[in-house]
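Peer 1: please work out how this folds:
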Amino acid sequence: MWGWFVGIGAALAALGFIASANLFLATMAATYIAGSMMFAGGILQLVHAVGVRRWTWVALWTLSGLLYLSASVAVLYNPAFAASLLTLLLGYALGASGLVRSVVSIGWRGNGWGWLLLSGLISLSVAAIILFGWPANSFWVLGMFLAIDLLMQGVMLMSVGFALRPRVAR
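Peer 2: Take a look at the predicted model:
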């Protein structure tokens with residue numbers, strides 16, 4: 001069983017390295033995948049709308065499905081613009097998250113408050129880098145986040161796999 005963790009982790013880490021080799025391609029791939037998932041979500045919401053009994057809920061689920069489909073078509077039609085918007089939203093989300101963690105850490109002062117403050121300040125710094133570089137950095141930021149995430153997931157799974165490996169008595 002441990003071998004599966006190591007093998008899948010190695011594959012994910014390799015995908016992270018491949019994604020890091022061409023951040024633009026990784027960004028576009030992530031945008032297409034997000035658009036495709038939104039399209040599937042819209043179809044599923046429309047299917048769900050058919051099974052709902054009350055007419056008002058049918059209308060709401062249908063509207064929700066159509067909005068999802070519309071957004072997915074916009075993403076798939078112009079993935080560069082979608083990547084730009086997603087990068088902007090990522091910058092704002094990281095900034096908000098960093099601000100909240102920083103404020104909480106200052107007000108809390110319990111064990112580990114310094115680490116929480118450091119985490120918040122790092123998020124604020126990354127948000128500033130993203131937002132001040134926008135829109136020029138829109139073609140590589142999402143790809144970089146994808147590459148780092150794949151690499152970290154791979155390393156984590158390999159670590160778990162090696163920890164699960166049976167010890168050989170000598």
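Peer 1: tell me, how many residues neighbour the nearest residue to residue 8 once chain neighbours are set aside?
Peer 2: Spatial nearest neighbour of residue 8, chain neighbours left out: residue 157 (5.6 Å); criterion: Cβ to Cβ, 6 or more residues apart in numbering. C-beta coordinates here come from the backbone N, C-alpha and C atoms, glycine included. Per other Cβ atoms under 10 Å, the neighbour tally for residue 157 reads 20.
Peer 1: look at residue 20 and report its pLDDT.
Peer 2: Looking at residue 20, its pLDDT is 94.
Peer 1: just to revisit the earlier point, name the residues that touch whichever strand or helix holds the residue nearest to residue 8?
Peer 2: Following DSSP states H and E, one finds residue 157 within helix 141-164. The contact list for helix 141-164 (Cβ atoms under 8 Å, 6 or more residues apart in numbering) reads 1-17, 19-20, 22-31, 83, 86-87, 90, 130, 133.
Peer 1: need the phi and psi values for residue 109.
Peer 2: phi 60, psi 30 (degrees, to the nearest 10).
Peer 1: starting at the chain centroid, how far to stretch 118-133?
Peer 2: 16 Å (Cα atoms, centre = their mean, to the nearest Å).
Peer 1: got any ranges where this protein has weak pLDDT?
Peer 2: Along the chain, segments meeting pLDDT under 70 span 169-170.
Peer 1: which stretches of it form helices?
Peer 2: For the chain, the helices defined by DSSP state H occupy 2-21, 23-51, 55-77, 79-108, 113-133, 141-164.
Peer 1: export the shortest one to CSV, keeping only CA atoms.
Peer 2: Taking C-alpha atoms only, helix 2-21 is exported to CSV below (Å, rounded to 0.1, in the frame of the first residue of the first chain):
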residue,chain,number,x,y,z
TRP,A,2,2.8,2.4,0.8
GLY,A,3,4.1,2.0,-2.7
TRP,A,4,0.9,3.5,-4.1
PHE,A,5,1.4,6.7,-2.1
VAL,A,6,5.0,7.0,-3.2
GLY,A,7,4.2,6.3,-6.9
ILE,A,8,1.3,8.7,-7.0
GLY,A,9,3.3,11.3,-5.1
ALA,A,10,6.2,10.9,-7.6
ALA,A,11,3.8,11.3,-10.5
LEU,A,12,2.2,14.5,-9.0
ALA,A,13,5.7,15.9,-8.3
ALA,A,14,6.7,15.2,-11.9
LEU,A,15,3.6,17.0,-13.1
GLY,A,16,4.5,19.9,-10.9
PHE,A,17,8.0,20.1,-12.5
ILE,A,18,6.4,19.8,-16.0
ALA,A,19,4.0,22.6,-15.2
SER,A,20,6.8,24.8,-13.9
ALA,A,21,8.6,24.4,-17.2
